[in-house]
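S.K.: Predicted model follows, preceded by the sequence.
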Amino acid sequence: MVCGNCGFEIREGSKYCTQCGAPVAINPLPYVEQKQTFVVRKMPIVVIIVLTLGFFISGLFMEEGSMNVAAAVSCVPGIVLLCLIYKLDNIEPEPVGLLVKLFLAGGFVATIAAMLIEMVLDGFISIFFSDNVLLYCFAQAFILAAATEELCKYGCLKFLTWKHPAFNYRFDGVVYSTAVAIGFDVIENLLYLVDSTADTAFIRAAFPGHCVFGIYMGYYYGQAKTLELSGDVKGAKAMRKKGVLTAIMIHGFYDFICFIGEYPESELLQILISIGLVLLMVVLNVTAYKNIKKFAYNDTPV
């Protein structure tokens, strides 16, 4: 059986096409090849790539500008992603009140906690690693930024949702995790722009990192809920830990590339690192989009 919208092969028993998301008819009509297949299947990915490159290139050539506009631009991609994820949660949408709490917890509780912890850690890292650029960047990326921020977001996520009655589908974990992450991302962007110029806003808009990291944490978080309800408490704990560690590793690797790019004395090396950073942004953005579609359309009760 194939999807009547895009022609993608559908496995038996599926309610939605895993490629385009169209509902599967009970008695599907014979497939007729669609002229708009590219628009359905590939256009969103093309748009993501164009926007990523466009924001990044705009940031390189923009030094001054209205900070009100820049602040809004830096927050838009993450909020759009959150809206997309909420829309994909079409089996049983989550309570808006809970999502607002998660957004605010990520934006204020997790952000303030991370800032306080990072102030302390920064002193230790400067003392022990300042003599070695690679070790210093590694510690700044994986310990100061990634581990601290992901653990603070995870604390808010688990406190507000783990026992919540609305948490009854695996994809709910992705929705909750990204709500916390976008709250964190919005406030962090605004704080970054206090002492920055518009170019920083556009480059940050090119990659809504916290939302991307939150997608992977939420995927494992939803699986962990299923394991606990089936009686596997140890497995649930291990799955939650896997989600946090996955988010830390992706976050840390991305930040490490950003930090190490500030140190090369060679202009050629600086250019190569910048190109690598842009490619990494594109890959992570496209992969995140494809994964949230897959996670949503393969959703099951916990």
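M.R.: Sure thing, it's come through.

S.K.: Give me the below-cutoff pLDDT ranges for the chain.
M.R.: 1-8, 11, 15-41, 62-69, 195-197 (pLDDT under 70).

S.K.: For it, which residue occupies the most central location?
M.R.: V212 (1.4 Å; CA atoms, centre = their mean).

S.K.: Secondary structure element for the residue nearest to it when sequence neighbours are not counted, which one?
M.R.: Among residues not flanking V212 along the chain, A288 sits closest, at 4.5 Å (CB to CB, 6 or more residues apart in numbering). The C-beta positions use only the backbone N, C-alpha and C, and glycine is treated the same way. According to DSSP states H and E, A288 maps onto helix 267-297.

S.K.: and that helix, which residues are buried?
M.R.: Neighbour counts over helix 267-297 (16 or more other CB atoms under 10 Å) mark 273, 277-278, 280-282, 284-286, 288-289, 292-293, 295-297 as buried.

S.K.: Same check on stretch 231-250?
M.R.: A236, M239, R240, K242, G243, V244, T246, A247, I248, M249, I250.

S.K.: Same list, those residues, but as CSV with secondary structure and distance to T148 please.
M.R.: Formatted as CSV, the buried residues of stretch 231-250 follow (DSSP: H, G, I helix; E, B strand; the rest coil; distance: CB to CB, whole Å):
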residue, secondary structure, distance to T148
A236, helix, 24
M239, helix, 22
R240, helix, 18
K242, helix, 19
G243, helix, 16
V244, helix, 12
T246, helix, 16
A247, helix, 12
I248, helix, 9
M249, helix, 14
I250, helix, 15
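
S.K.: From those residues, pick the one nearest K153.
M.R.: A247 (8.1 Å; CB to CB).

S.K.: residue boundaries of the helices in the protein?
M.R.: Shown for the chain, the helices assigned by DSSP state H span residues 37-41, 43-61, 67-88, 96-104, 111-129, 133-138, 148-161, 172-192, 198-205, 209-229, 233-260, 267-297.

S.K.: mind saving the C-alpha coords of the fourth one as CSV?
M.R.: The reference is to helix 96-104. Output of helix 96-104 as CSV, limited to C-alpha atoms (Å, rounded to 0.1, in the frame of the first residue of the first chain):
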residue,chain,number,x,y,z
VAL,A,96,-1.2,24.4,26.8
GLY,A,97,-0.9,25.3,30.5
LEU,A,98,1.7,22.6,31.0
LEU,A,99,3.7,23.7,28.0
VAL,A,100,3.6,27.3,29.3
LYS,A,101,5.0,26.1,32.7
LEU,A,102,7.7,24.1,30.9
PHE,A,103,8.6,27.1,28.7
LEU,A,104,8.8,29.4,31.7
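
S.K.: ok now that helix, how far from the chain's centre?
M.R.: Chain-centre distance of helix 96-104: 17 Å, with CA atoms, centre = their mean, to the nearest Å.

S.K.: Same question for the last one.
M.R.: Helix 267-297 sits 11 Å away from the centroid of its parent chain (CA atoms, centre = their mean).

S.K.: what's it packed up against?
M.R.: helix 43-61, helix 67-88, helix 172-192, helix 209-229, helix 233-260 (3 or more CB pairs under 8 Å, 6 or more residues apart in numbering; DSSP states H and E).

S.K.: That helix vs helix 198-205, what angle?
M.R.: 40 degrees (axes from the mean of the first three to the mean of the last three CA atoms, to 10 degrees).

S.K.: Hey, what's the angle from helix 267-297 to helix 233-260? Just curious.
M.R.: For helix 267-297 against helix 233-260, the angle by the same axes, to 10 degrees is 150 degrees.

S.K.: ok and helix 267-297 relative to helix 67-88, angle-wise?
M.R.: 40 degrees.

S.K.: As JSON lines, the buried residues of stretch 231-250 with distance to K42 would be great.
M.R.: Listed next are those as JSON lines, based on distance: CB to CB, whole Å:
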{"residue": "A236", "distance to K42": "38"}
{"residue": "M239", "distance to K42": "33"}
{"residue": "R240", "distance to K42": "35"}
{"residue": "K242", "distance to K42": "32"}
{"residue": "G243", "distance to K42": "30"}
{"residue": "V244", "distance to K42": "33"}
{"residue": "T246", "distance to K42": "27"}
{"residue": "A247", "distance to K42": "28"}
{"residue": "I248", "distance to K42": "32"}
{"residue": "M249", "distance to K42": "29"}
{"residue": "I250", "distance to K42": "25"}
